[in-house]
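Enquirer: Quick one, structure for this:
(chains A, B and C)
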Amino acid sequence: MVEYPGAVQNKELQMKAPNSELRTLNSEETILEVKDLQIHFFTDRGVIRAVEGVDFSVRKQEVWGLVGESASGKSVIGQALVGMVSKPAGRIVSGEILFKGEDLLKKDSRELRKIRGNQIAFIPQDPTIALNPLLSIGFQIGEAFKYHRSLNMNKVHEQVIDVMKVVNIPSPEIRVKDYPHQLSGGLKQRVIIATALSCRPDLLIADEPTSALDVTIQTQIIKLIREIQDRFQMTMILITHNLGLVAKMCHRVAVLYCGRVVEEAPVRELFKDPKHPYTRGLLASLPKGEKGNVDLYTIPGQLPNPLYHPPGCHFSPRCPHVLKKCQEIPPIDRASEDHGIRCWRWREI
Amino acid sequence: MKSPEDSRGSQQRLKLRKLFRRIPKGAASIILILLLCAVFSPWLAPHNPIEQNLGAALKPPFWQGGGTMDHLLGTDNLGRDILSRIIYGARISVIVGFVGVILAGAVGTLLGVIAGYFGGKIDAVIMRLTDIMLSLPFILVGIAIIGAIGPSLTNVVIVLGITQWVGYTRIIRFEAMSLSRSEFIEMAVISGCRWWRILLVHILPNVLNSAVVLATLDVGKMIIIEAAFSFLGLGVKPPTATWGAMLADGRLYMTVAWWIVTFPGLAIFATVLAGNLIGDWLRDELDPRHQLKA
Amino acid sequence: MGILLQIENLKKYFSIESGFLRKVKVDLRAVDDVSFTIEEGETFGLVGESGCGKTTIGKLVLKLYEATSGKILFRGRDVTHFQGTPLDEYRKDIQAVFQNPYASLNPRMRIWRLIGEPLIVRGWPKKKVREKVLELLELVMLPADCGPRFPHEMSAGQRQQIAIARALSVNPKFIVLDEPTSLLDVSAQASILNMIVGLQKKLELTYLFISHNLAVIRFLSNRVGVMYCGKLVELADSRKLYVSPRHPYTQALLASVPAPDPDVQTQEIILEGDVISPINPPEGCRFYSRCRDRMEDCKKNEPPLKEIGPRHFVSCHLSS
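Expert: Sure, this is the predicted structure:
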């Protein structure tokens, strides 16, 4: 029975489809390590603990996924990695962000500026608002070059055309003078990607890079990002709520719920053998199958008010396996070296 | 476990307390004093504001040589107590400020909402009307109208209403236009609402925020305009005390009796400043994006 | 089970002034000659990407837009040019739920008034409205005490429940749902979808479900229509469409949905270029520029919508 639309089941078509590459990674070297990150927002109505003690590490050249729903904290983590948490309300209360061994949170703004755009690049969600409507795309792509490499104008122009070719923008010599409003959504996203790539960063953080795009354009962009990642051997952090995207692109994934990592695992393991009740609930509630099927599974209750996180395990009010013990925050337990679960009862359920 | 639903009552009290902390105290106190003066003038003013006492004319404020405690801020050329005239003058300013603003605001907002919702020819007509009104200097309009119907408080307020509505229309129209395209208006149409219900029940309440902010910022302007009219002799008939009239009367004596113009001038300044500060604060307060503050 | 809604050769053109100062008037052909029928009790899924015209069709059916030409028939009656009283009557039979849970509810109205508005407008006395609202709240599984609250106190999912309650207040037969779950989290989406299905069975409703999400459409629909650039390119029973799509665009669309399962392979169909704008569309087949299987004929002649199998229509020269 076909579960997902477009899934290949016709034998004939199967032979035409490419191999689903077994996503294994050779490198074990860590390029980014986050330790006990706490980011709070101080508002009139109280403190929003957007990120409450998140630890993870990202290995060189892997695509690492950060998955979560609204108010999970995933976007805030992305912003923190490039030093863009909204001030003055948002504050990184504690924790370390070790990039290539050095703590970014201890650097001053000058040092951070040298890293941002240069070694760490960021692709935001909506390309329309991320581009300045009054500047040509050539200018915007070249800005990072000018700042980080201090090249002369001709060199910059050359590099800009080059990187536009890398992202498959047709006729780059002509389009370099275009303005954002003359481009479609897909092209704008390519421009953003070109801007991010211009200095050949080691780490690329993409926050919902395809959510604002049509689905046929999404496939183009996904293919492009994969090619680029392969070609330049970049490490990538993919922040998204789209589990399909994660399945297609990531090596390892972490699932966030209300500011904490509840499960992390290599991608196949997460989808095939999810151990945390939230992850299971999430996967079970995705729409699948045809009309007339059984109802979709729904996780009982709703996301808590960000001002009032439940004590102990944040998921406990909604968990079908809740016990008294869950009033204490569960630590991350390991099912295997790569598979961590933040739950007291994962072995039994 | 602290649940917000359980402590709704205490939460609301907390909200009010926090709100109180945010109100700009200085500006609010000035407005409060103004209102108290306006309402309680007979009890607050030490003297009759129109009673002349030529024997006590041009007395300086009490801290200068020649001043008395009887007339704390001195007297004008006709011996009338400055302090009392200022207190009574607050009445005029309050009436002009509030009534004028309500009149202009109502007309301007209504026209703005109609222009924004209907668009097309109706919008064009209202916009042309706005352009015409904007190009006429309101002083001339004021002179013409007051000249025709005579100077009085009511007539000044009428003139204010006729000339000042324009400031509201443009801004309200813009908001109404974007509201008209939003989904909840479409839903209202689908629910069966006719245009008048949509305007009254759906669009108007949602532009009220902006209208109120504009109004607060306008109060100061109204008072200044009234002062200008009084100064020109087009305002309230003497001997009624208004701050503008005091400025006009005191003009001739500025070199010998600085207090006659200074104190009403300060009163105008303080009131207008307070109004502006409150208006600014309200605008930030009502802006939903301002929820997150350090 | 008869035909409830019938759309015949429906067109909606918007007049756009292009060019900076030149004021050239061009037609934006949002919906360009679309026909299909919806039977009573079924869910018709309308699928496509941005600019394809699916939302415009929803608005045309709801009479929020006036059709440029063509007919809309509801229960056999021509409602295309309805105004005034007949339009009010029509609005009792057909209601809507829209995409944005934050923009579709008046932020200054209490929830019970929002839900009851279609009744208030029709002159129902306050007491009866409140009673009906309580019934509706129960129907959409919202607590009875949320009547006096305001929309901003409710979550996105709950707001959509409110929108559904309002739509049901006049006992409609037909509901247009335009991306009702696109802006919701996965968990909220599941419960709203379940509710939509449940209500259909309980109240014998017919749905026009508009979405770009193929998995959701598949979960809900009996029949599916695929739109591209203002035209209906494929129309079939849901299972047929997903198992053997015949139009190259449908195939590409289905292949682009990343499945939440790393083992599932999808066909690699990556379309080049961008979605065509419905302003000044090309002569022949609109999908020509991006079609991998295009032929000479496709450039000049627009393929008609032809029946190529039982209840399966395709607009493509390849299939003829």
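
Enquirer: Look up how far chain A lies from residue B:239.
Expert: 50 Å (Cβ to the nearest Cβ, to the nearest Å). Every residue, glycine included, has its C-beta placed from N, CA and C.

Enquirer: hang on, that residue packs against residue B:48?
Expert: No: assessed by Cβ atoms under 8 Å, residue B:239 is found out of contact with residue B:48, at 10.4 Å.

Enquirer: Below-threshold pLDDT in the chain: ranges please.
Expert: Using chain A here. Residues of chain A that meet the criterion pLDDT under 70 lie in A:1-27, A:293.

Enquirer: sorry, should have said chain C
Expert: C:1, C:18-23, C:320.

Enquirer: Which residue ranges of it form helices?
Expert: For chain C, the helices defined by DSSP state H cover C:54-61, C:84-93, C:111-121, C:126-139, C:156-168, C:186-203, C:214-220, C:238-243, C:248-255, C:296-300.

Enquirer: Over to the stretch 201-349 of chain A?
Expert: A:215-232, A:243-249, A:267-272, A:277-284 (DSSP state H, counting those that start in this stretch).

Enquirer: Mind putting the helices of chain C into a markdown table with distance to chain B and mean neighbour count?
Expert: Converted to a markdown table, the helices of chain C look like this (distance: least, Cβ to the nearest Cβ, whole Å; neighbours: other Cβ atoms under 10 Å in any protein chain shown):
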| stretch | distance to chain B | mean neighbour count |
| --- | --- | --- |
| helix C:54-61 | 8 | 24 |
| helix C:84-93 | 5 | 14 |
| helix C:111-121 | 4 | 24 |
| helix C:126-139 | 12 | 16 |
| helix C:156-168 | 7 | 25 |
| helix C:186-203 | 17 | 19 |
| helix C:214-220 | 20 | 25 |
| helix C:238-243 | 27 | 20 |
| helix C:248-255 | 26 | 24 |
| helix C:296-300 | 37 | 13 |
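
Enquirer: Residue A:36 is nearest to which of those helices?
Expert: helix C:186-203 (27.5 Å; Cβ to Cβ).

Enquirer: Can you name the residue of the stretch 51-200 of chain B nearest chain A?
Expert: residue B:178 (17.3 Å; Cβ to the nearest Cβ).

Enquirer: quick one: contacts for the residue nearest in space to the middle of chain C?
Expert: By Cα atoms, centre = their mean, chain C has its centre lying nearest to residue C:210, at 2.6 Å. Residues counted as contacts of residue C:210 (Cβ atoms under 8 Å, 6 or more residues apart in numbering or on different chains) are C:45-47, C:54-55, C:57-58, C:176-179.

Enquirer: now do 6 Å
Expert: C:46, C:54, C:58, C:178 (Cβ atoms under 6 Å, 6 or more residues apart in numbering or on different chains).

Enquirer: List the beta-bridge partners for it.
Expert: residue C:46, residue C:178 (DSSP bridges).

Enquirer: how far away is it from residue C:44?
Expert: Distance, residue C:210 to residue C:44, using Cβ to Cβ, to the nearest Å: 9 Å.

Enquirer: just to revisit the earlier point, what comes up buried for whichever strand or helix holds the residue of the stretch 51-200 of chain B closest to chain A?
Expert: Assessed by DSSP states H and E, residue B:178 sits inside helix B:166-180. Neighbour-count burial for helix B:166-180, counted by 16 or more other Cβ atoms under 10 Å in any protein chain shown, picks out B:166-173, B:175-177, B:179-180.

Enquirer: Export the contacts of residue C:210 to a markdown table and append columns for distance to residue B:217.
Expert: Formatted as a markdown table, the contacts of residue C:210 follow (distance: Cβ to Cβ, whole Å):
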| residue | distance to residue B:217 |
| --- | --- |
| C:46 | 48 |
| C:54 | 45 |
| C:58 | 42 |
| C:178 | 40 |
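
Enquirer: which among the residues you listed gets closest to residue A:334?
Expert: Nearest to residue A:334 among these, counting by Cβ to Cβ, is residue C:178 at 45.8 Å.

Enquirer: pretty sure the closest one is touching residue C:97, no?
Expert: No: using Cβ atoms under 6 Å, residue C:178 makes no contact with residue C:97, being 7.3 Å away.

Enquirer: higher neighbour count, these two?
Expert: Of the pair residue C:178 and residue C:97, residue C:97 is the one with more neighbours under other Cβ atoms under 10 Å in any protein chain shown, namely 28 against 24.

Enquirer: That one pairs with what?
Expert: residue C:177.

Enquirer: which stretches of the stretch 201-320 of chain C form strands?
Expert: C:206-211, C:223-228, C:231-237, C:306-309, C:312-314 (DSSP state E, counting those that start in this stretch).

Enquirer: Out of those strands, flag the one nearest residue C:124.
Expert: strand C:206-211 (24.7 Å).

Enquirer: buried ones in the closest one?
Expert: C:206-211.

Enquirer: Residue B:112 - how many residues pack around it?
Expert: So residue B:112, with other Cβ under 10 Å, has 28 neighbours.

Enquirer: What lies in contact with the helix holding residue B:178?
Expert: B:105, B:108-109, B:111-113, B:115-117, B:130, B:133-134, B:203, B:206-207, B:210, B:214.

Enquirer: returning to that earlier point: which of the buried residues of helix B:166-180 lies at the shortest distance from chain C?
Expert: residue B:179 (9.6 Å).

Enquirer: who in the stretch 151-300 of chain C is up against chain A?
Expert: C:155, C:185-187, C:190-191, C:193-194, C:214-216, C:218-222, C:242, C:252, C:254-262, C:264-268, C:270-271, C:274 (Cβ under 6 Å from any Cβ of the partner chain).

Enquirer: Between the helices of chain C, which one is closest to residue B:228.
Expert: So among the helices of chain C, helix C:111-121 is nearest, using Cβ to Cβ, at 45.7 Å.

Enquirer: angle of that closest one against helix C:126-139?
Expert: Helix C:111-121 and helix C:126-139 are oriented at 120 degrees to each other (axes from the mean of the first three to the mean of the last three Cα atoms, to 10 degrees).

Enquirer: What angle do helix C:156-168 and helix C:111-121 make with each other?
Expert: Using the same axes, to 10 degrees: helix C:111-121 against helix C:156-168 is 20 degrees.

Enquirer: counting contacts, what elements does helix C:111-121 pack onto?
Expert: helix C:126-139, helix C:156-168 (3 or more Cβ pairs under 6 Å, 6 or more residues apart in numbering or on different chains; DSSP states H and E).

Enquirer: how about a cut-off of 10 Å?
Expert: helix B:183-191, helix B:195-197, helix C:84-93, helix C:126-139, helix C:156-168 (3 or more Cβ pairs under 10 Å, 6 or more residues apart in numbering or on different chains; DSSP states H and E).

Enquirer: Let me have those in JSON lines, extended by distance to residue C:310.
Expert: JSON lines is the format used below for those (distance: least, Cβ to Cβ, whole Å):
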{"stretch": "helix B:183-191", "distance to residue C:310": "35"}
{"stretch": "helix B:195-197", "distance to residue C:310": "47"}
{"stretch": "helix C:84-93", "distance to residue C:310": "30"}
{"stretch": "helix C:126-139", "distance to residue C:310": "37"}
{"stretch": "helix C:156-168", "distance to residue C:310": "33"}
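
Enquirer: Show me what from the stretch 51-200 of chain A comes close to chain B.
Expert: For the stretch 51-200 of chain A, the contact set with chain B under Cβ under 10 Å from any Cβ of the partner chain comprises A:86-91.

Enquirer: for these, which one is nearest chain C?
Expert: residue A:89 (19.0 Å).

Enquirer: Count the neighbours of the closest one for me.
Expert: Every residue meeting other Cβ under 10 Å relative to residue A:89 is counted, giving 17.

Enquirer: Got phi/psi on it?
Expert: phi -70, psi -40 (degrees, to the nearest 10).
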